[in-house]
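Trainee: the following comprises the amino acid sequence and a computationally predicted model.
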Amino acid sequence: MTATLVLTGTAYAQSDTTTYEATLERSSAICPGHSKERTTPGVRAVKVDALRVLLKNDVILCPDRRLDAEMPVVWYGAVKVLAWNPEAKGSIAVLAEKADAMTRKEEFPGATLVWKTDGSEAKGVTVPSADVRPRTTIRVIP
């Protein structure tokens with residue numbers, strides 16, 4: 001019985017690892033600001049179940065150092081990109097919180113939404129346009 005539980009736990013962990021790797025692969029293909037050092041901490045902060053929903057809905061997580069440190073997380077609904085400034089203090093926590101909220105409801109609005117470091121929405125602000133490469137065929141986890 002113990003061996004079965006260990007194997008099941010290992011299989012589950014591999015599935016989680018595959019989800020994280022697929023998310024990072026998408027980021028590297030789409031996000032010009034991607035680097036392993038910038039992207040990995042943000043992706044790892046998002047719950048694996050939320051990442052699965054993001055992958056299923058073709059949402060990309062992109063680090064973007066152009067974003068203001070006071071408003072470091074942006075949802076670009078038109079291109080389905082959730083971006084954050086990896087150098088802004090608190091941005092990773094806001095990214096994880098907003099990704100979790102969006103995926104729980106599976107609501108991905110078409111508008112651009114901007115969040116401050118405290119997680120509150122910033123209204124009437126200007127942010128840089130989404131910095132993304134054209135989408136290519138990317139491996140999707142079933």
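Mentor: All right, it came through fine.
Trainee: strands along the protein, start to end?
Mentor: Shown for the chain, the strands assigned by DSSP state E span residues 60-63, 73-76, 81-84, 112-115, 121-122.
Trainee: for the shortest one, packing partners?
Mentor: Helices and strands touching strand 121-122, by 3 or more C-beta pairs under 8 Å, 6 or more residues apart in numbering; DSSP states H and E, are strand 112-115. C-beta coordinates here come from the backbone N, C-alpha and C atoms, glycine included.
Trainee: dump the C-alpha coordinates for the strand it packs on into CSV.
Mentor: What follows is strand 112-115, C-alpha atoms only, in CSV (Å, rounded to 0.1, in the frame of the first residue of the first chain):
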residue,chain,number,x,y,z
THR,A,112,-7.4,45.9,-19.9
LEU,A,113,-7.3,45.8,-16.1
VAL,A,114,-4.5,47.3,-13.9
TRP,A,115,-3.7,46.5,-10.3
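Trainee: quick one: average confidence on that strand?
Mentor: Strand 112-115 comes out with an average pLDDT of 98.
Trainee: how far out from the middle of the chain is that strand?
Mentor: Distance of strand 112-115 from the chain centroid (C-alpha atoms, centre = their mean, to the nearest Å) equals 14 Å.
Trainee: which other residues reach that strand?
Mentor: Residues outside strand 112-115 that contact it (C-beta atoms under 8 Å, 6 or more residues apart in numbering) are 71-78, 94, 98, 121-123, 125, 127.
Trainee: centroid-nearest residue for the protein?
Mentor: Leu61 (3.3 Å; C-alpha atoms, centre = their mean).
Trainee: hang on, the earlier thing: in TSV: the strands of the chain, plus distance to Glu106.
Mentor: Output for the strands of the chain, formatted as TSV (distance: least, C-beta to C-beta, whole Å):
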stretch	distance to Glu106
strand 60-63	16
strand 73-76	14
strand 81-84	14
strand 112-115	16
strand 121-122	19
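Trainee: on that earlier part again, buried ones only from the contacts of strand 112-115, please, as a PyMOL command.
Mentor: Filtering the contacts of strand 112-115 down to the buried ones (16 or more other C-beta atoms under 10 Å) takes a single PyMOL command:
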select buried, resi 71+72+73+74+75+76+77+94+98+122+127
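Trainee: thinking again about what came up before, so the residue nearest to the centre of the chain sits against Tyr76, correct?
Mentor: No: counting by C-beta atoms under 8 Å, Leu61 does not reach Tyr76; the two are 11.5 Å apart.
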